[in-house]
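In: Fold the following and give me the result.
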Amino acid sequence: MTRRLASLHNLDWEFTLLLGIVLVLPSLEAPKNIFWVFYVAAWLFNRARRSDYGGPWDGWDTLILAWIVSSYFIAFFAGQPNDEWDGANDVLRYTSMLWLIKRSGYTALQLNILLRAIVVAALLSLAWGLWNWLGSKSIKALELNSVGHVNHSAIFMAIVFGTAASSLIASLRQNRVWIFVGVLAVVSLGSAVFLSSSRAAVLAMLLLCLGLGLAWLKRSRWVLLILVLMVSTAATAAYLAKIEVVKKQQINAQENNVLSYREGIWATAITAWRKYPWFGVGMHNFNQISPDETRAWVEESGRSYNRNLYLNSSHAHSLYLNTLAERGAVGAGILLLVLLAWTITLLRRLPRKEDPYIAWALWGSSFSALFITVAVGFVNTTLHHEHGMLAMLLLGMFLRSGDRRIASSAT
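Out: Numbering: from 1, shown residues only. Coordinates of the predicted model:
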C-alpha cells in the first residue's frame, strides 16, 4: 500500500496530461487536442532531460515511423488535393500516442490507472450522450459528444466494452467491490452498444466476448462458459424484445438492402483507387469525389456507367476500401503491415496462467481494440480520430507491458 501511494505521489505533469487526454477523449474536442500538444511537449522535455528515450530501437519503432512518414508522403502526392494534410495530421496524433506510450517507461500502476480512466471517461460521456438523446428532440441517436456519428460512437464504446470486460475477468480474484463495479461498467457499455443500433458494432462485440473467452481458457474455463451464456442471453433478449438494431436488420433484409447501400459506396471507392492506384485521392478527400467524376473515371477505364451502381458519401464505410481510395496501395500496404504486426505480437505475448492482473487486462484490451477495428472495419471506417486514438492508446500500453519487470508493481 505504501508503495502504491508513493508511486501516485510521484506522478508527474507528463502523466497527468496523458490522463487528461484519456478523460476528455470521448467528450470534448478542443481540450483533447490541447492536452495532446502539451503531453507531447512534456514527454520530449522529460526524455531530453534524462537522455532516455525508452530503450533500443525495435521493429515496432520502424513500423510506426514508416506509418507517420508515409502519411505525409501520400498527402504530398494526393490525386485530389483538399484535406489530405489534415488526414496526415490525424495519423500523427494517434500514432504519436502509440509511440510515446510504448517508450514511456510507465509503471504497472500507471497503466492500470489509464485503463480505469478509459472506462470512466466513456461512462461519463455515455451519461452525457444519454441525457442529450433522451432529453432533446434534435438528437436522433445515442452518440458520444466528441466522437460524433452513432456508428463511430458505437465503435468507441465497443472497444471500451472490451477494455472493461478484460479488466473485469482479469480481476475475478480481487475484492468483491471492484468486481461489482466492473460488472456495472460492462453491462452499461454493452447496453449502450445495443442502443446505438449499429449492427456491425453489436455483432463484433458479441464475437469479441467469445474471443476473450477462448483466450482466457489458458487461465479459466469458467470465463468462456460465462461469456457464452452472456452472449446467448443478450442476443436472445434483443431478438425477443425487437430492439431497434433488430428491427433495422429485419427491415433492411425485407428491402434486400442488408448492407445499407454500401455496395454503391464501395464501387465508388474501387473506381477512385483505379484512378489513383498508388497514393489515392488523399486522406479525408473521399467526400470530394463527385458523381460526375465517378462517371468520368468509369468511362475512362472503358466500362459502361450505371448510376444505380455507384453512390457518393463522406467516407467509404470500410476501413480497407477507404484506405485504398484515399491512400492508395502504399497506404493500404502500411495498414496491413500494422494489423499483421499487431496480431503477431498479441499471439506471441499471450500471458501465462500465473501472470498478474495487469498483464491479462492489457492483453485483453489491446486484443479488443484490434478485433473491433478489424471486424467493424469491413463495413465501416475504423481507426481514425477518437476511436483511432483509443486503439493506439491500448496498443501502446500493451507494448509497454511487454517488459515483464513492470508486473511486480501490478495491483
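
In: what's the helix or strand for the nearest residue to Val24 once chain neighbours are set aside?
Out: What sits nearest to Val24 in space, not counting adjacent residues and going by C-beta to C-beta, 6 or more residues apart in numbering, is Pro31, at 4.5 Å. Where C-beta positions appear, they are placed from N, C-alpha and C, glycine not excepted. Element membership for Pro31, per DSSP states H and E: helix 29-50.

In: what mean pLDDT does the following helix or strand past that helix have?
Out: Proceeding N to C from helix 29-50, the next assigned helix or strand is helix 59-76, under DSSP H and E. Taken as a whole, helix 59-76 has an average pLDDT of 97.

In: quick one: the helix or strand that helix 59-76 is followed by to helix 59-76, angle?
Out: The helix or strand immediately downstream of helix 59-76 is helix 84-102, counting by DSSP H and E. Angle of helix 84-102 versus helix 59-76, following axes from the mean of the first three to the mean of the last three C-alpha atoms, to 10 degrees, is 170 degrees.

In: Would you mark the buried spots in helix 84-102?
Out: With burial defined by 16 or more other C-beta atoms under 10 Å, the residues of helix 84-102 counted as buried are 84-85, 87-88, 90-102.

In: so what does it touch, helix or strand wise?
Out: Contacts defined by 3 or more C-beta pairs under 8 Å, 6 or more residues apart in numbering; DSSP states H and E place helix 84-102 against helix 29-50, helix 59-76, helix 385-400.

In: Contacts for that helix, please.
Out: Contacts with helix 84-102, where a contact means C-beta atoms under 8 Å, 6 or more residues apart in numbering, come from 18, 21, 33, 36, 39-40, 43, 54, 60-61, 64, 67-68, 71-72, 74-75, 78, 282-285, 326, 383-385, 388-389, 391-393, 395-397, 399-400.

In: Report the contact partners of Arg274.
Out: Contacts of Arg274 (C-beta under 8 Å, 6+ apart): Trp297, Ser301.

In: and it, what element?
Out: Judged by DSSP H and E, Arg274 forms part of helix 262-275.

In: ok, then the element right after that helix?
Out: With DSSP H and E, the next secondary element past helix 262-275 is helix 291-300.

In: quick check: angle from that next one to helix 262-275?
Out: Using the same axes, to 10 degrees: helix 291-300 against helix 262-275 is 60 degrees.

In: tell me the angle the next helix or strand after helix 291-300 makes with helix 84-102.
Out: Under the assignment DSSP H and E, the closest C-terminal helix or strand after helix 291-300 is helix 319-348. Interaxial angle of helix 319-348 relative to helix 84-102 (the same axes, to 10 degrees): 10 degrees.
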